[in-house]
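Novice: fold the following.
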Amino acid sequence: MSNSSTISFIGAGNMASAIIGGMLDNGYQAGNIWVSAPDDSHLQALRDRFGVSVTTDNRHCAQQADTVVLAVKPQVMAEVCRDIAPVVQNTRPLMVSIAAGLGSDTLDSWLGGGLPLVRVMPNTPSLVGKGAAGLFANAAVTAEQKTMVQSVFESIGSALWVDDEEQLHGVTALSGSGPAYFFLMLEALEAAATEAGIAPKTARELAIQTMAGAAEMAARSEHDPAQLKRNVMSPGGTTERAINTFEDGGMRDLVQKAYNAAFERSQEMSKELADKQ
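Specialist: Reported below is the predicted structural model:
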């Protein structure tokens, strides 16, 4: 990422902090980062931790930037956007939103219209540098700006573009909500192992490492998950019996139903948020 441009974060929550930390770890200069939030004590803690510039004035923060990252909750986004609209209409920065559910057209209208805007759907593993983000750019975003945004989010994990904004609902159902799916599996495995007599601490450590190892194997392997699964299974063995139990119990259909439910709720929330504001 270029160190010559200035990036401002409107909002200073966990995700903004994670992104800033990732950027600094990848060579971005703290002197080119501004952050605004209502809580001055929190901002001072961020300044002490990262060496970035801080302010409680959103307009002043936005005015400094070539790129403005909107990192506030969806419920207050309209108010924030309308407040900084006069500034960004004058300076014409790239706008980046990490708020779930709010469409690019809605955001652009609140900002006064006609701005380059990227929507990003990050997920909570971004907080430990293992995020998976889906990105969508409106027609005003240049190739250079896309490259810059991608580099920012690759500093905290992986960042992949979608061509159709509607696909961000699918990203939400997959990687946005997905960590909770794996935590559910982790919880169930831990409980089953504890029921079988394994100490809870041991069960948790084994389950976590097994999940982490499987993910790393999938990331490194040239094989698809189906083949990796078969590689673990021996005819008549323990894994085959367990997998058959999952299949007979309808696990695939249940995963599909859960994914569809998250997808549909993402669509509903998008409409609800736009209508309320």
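
Novice: so where is the stretch 151-277 of the chain shaky, pLDDT-wise?
Specialist: Low-confidence segments of the stretch 151-277 of the chain, defined by pLDDT under 70: 277.

Novice: surely residue 274 touches residue 99?
Specialist: No - using C-beta atoms under 8 Å, residue 274 is not in contact with residue 99; the gap is 11.7 Å. Every C-beta, even on glycine, is put in place using the N, C-alpha and C of the backbone.

Novice: between these two, which one's more packed in?
Specialist: A direct count of neighbours by other C-beta atoms under 10 Å for residue 274 and residue 99 places residue 99 higher, at 21 against 18.

Novice: and the nearest residue to the more buried one once chain neighbours are set aside, how many residues sit next to it?
Specialist: In this structure, residue 99 finds its nearest non-sequential neighbour in residue 74, 4.6 Å apart by C-beta to C-beta, 6 or more residues apart in numbering. Residues lying near residue 74 (other C-beta under 10 Å) number 19.

Novice: need the contact list for residue 74.
Specialist: Residue 74 sits next to 99, 100, 101, 102, 273 when contact means C-beta atoms under 8 Å, 6 or more residues apart in numbering.

Novice: cool, and residue 164?
Specialist: Residue 164 touches residue 136, counting by C-beta under 8 Å, 6+ apart.

Novice: same thing but 6 Å
Specialist: Not one residue lies near residue 164 by C-beta atoms under 6 Å, 6 or more residues apart in numbering.

Novice: how far away is it from residue 103?
Specialist: 12 Å (C-beta to C-beta, to the nearest Å).

Novice: just residue 251 next, same as before
Specialist: Residue 251 sits 33 Å away from residue 103 when distances are taken as C-beta to C-beta.

Novice: between these two, which has more neighbouring residues?
Specialist: Using other C-beta under 10 Å, the more surrounded residue of residue 251 and residue 103 is residue 103, with 18 against 12.

Novice: tell me the secondary structure at the closest residue to the more buried one other than its chain neighbours.
Specialist: Leaving out its chain neighbours, the residue that sits closest to residue 103 by C-beta to C-beta, 6+ apart is residue 270, at 6.1 Å. The local conformation at residue 270, judged by DSSP: H, G, I helix; E, B strand; the rest coil, is helix.

Novice: cool, and residue 84?
Specialist: Secondary structure, three-state DSSP: residue 84 is helix.

Novice: wait, it sits on residue 60?
Specialist: No - using C-beta atoms under 6 Å, residue 84 makes no contact with residue 60, being 9.7 Å away.

Novice: tell me which of these two has more neighbours.
Specialist: The residue with more neighbours, out of residue 84 and residue 60, is residue 84; 27 against 15, by other C-beta under 10 Å.

Novice: leaving out chain neighbours, which residue sits closest to that one?
Specialist: Closest residue in space to residue 84, ignoring its immediate chain neighbours: residue 62 at 4.5 Å, by C-beta to C-beta, 6+ apart.

Novice: likewise for residue 262?
Specialist: Spatial nearest neighbour of residue 262, chain neighbours left out: residue 173 (3.7 Å); criterion: C-beta to C-beta, 6+ apart.

Novice: got it, and residue 35?
Specialist: residue 9 (4.6 Å).

Novice: paired strands for the strand or helix carrying that neighbour, with orientation please.
Specialist: If you go by DSSP states H and E, residue 9 is part of strand 7-10. Within its sheet, strand 7-10 is paired with strand 33-36 (parallel), strand 67-70 (parallel), according to DSSP bridges.

Novice: of those, which is nearest residue 190?
Specialist: Nearest to residue 190, of all those, is strand 67-70, at 36.6 Å by C-beta to C-beta.

Novice: which helices and strands sit right next to the lengthiest strand in the chain?
Specialist: Counting by DSSP state E, the longest strand found in the chain is strand 131-137. Contact partners of strand 131-137 among helices and strands, from 3 or more C-beta pairs under 6 Å, 6 or more residues apart in numbering; DSSP states H and E: strand 117-121, strand 157-161, helix 167-171.
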